[in-house]
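>>> Mind looking at a prediction? Sequence and model below.
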Amino acid sequence: MTPSRPSTAWIAALSLLCSIGVTPAWAALGGTHATIEADASSMRAMRHDTAARASYQMHELTLASGTVVREFVAPSGTVFAVAWQGPFKPDLSRVLGSYFPRAVAAGQERRADHRRLMVHAPDLVIESGGRMRAFAGRAYLPALMPADVALGEIR
């Protein structure tokens, strides 16, 4: 009995499963500052360092779609907040990083307003909403936010 050759579909499925665990480095929420340049490249975005304050730096990425993603980095190098605004939502799995499953779970809850996603927990806040061609949102980690940063700055 000769061993059979694996089918093309099986090889494709195995390749897909192997690639799922390999994701590009992102300065996602809770991630580190060191990967912001990789963010710009993998999102095909233009990077702008637009704000440098004593308590944080803000890096702005303008996506090809016109959406702007802002990453707020504490002096420790940790991304404590992200915000987005534009005609399309960014890839939230990349922007929210390990916090994305909590956003998905919140999106599955029944509520009257289907256009808004809200997570208000002691360790995580996500606010996202909008309509076609006009989306905005923000997510932040209250415990990592520098004390002198006002919530109004996270936009």
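Yes, it's here.

>>> Got phi/psi on the closest residue to residue 124 other than its chain neighbours?
Taking C-beta to C-beta, 6 or more residues apart in numbering as the measure, residue 124 lies nearest to residue 99, with 5.8 Å between them; neighbours along the chain are not counted. Yep, even glycine has a C-beta here, placed from its N, CA and C like the rest. Here is the backbone geometry of residue 99 (degrees, to the nearest 10): phi -90, psi -10.

>>> OK, contacts around residue 81?
29, 71-72, 138-141, 145, 154 (C-beta atoms under 8 Å, 6 or more residues apart in numbering).

>>> Repeat the analysis, applying 7 Å as the threshold.
When the contact criterion is C-beta atoms under 7 Å, 6 or more residues apart in numbering, the partners of residue 81 are 72, 138-140, 145, 154.

>>> Quick check: beta-bridge partners of it?
residue 72, residue 140 (DSSP bridges).

>>> how close does it get to residue 127?
Residue 81 sits 11 Å away from residue 127 when distances are taken as C-beta to C-beta, to the nearest Å.

>>> Brilliant, that's me finished.
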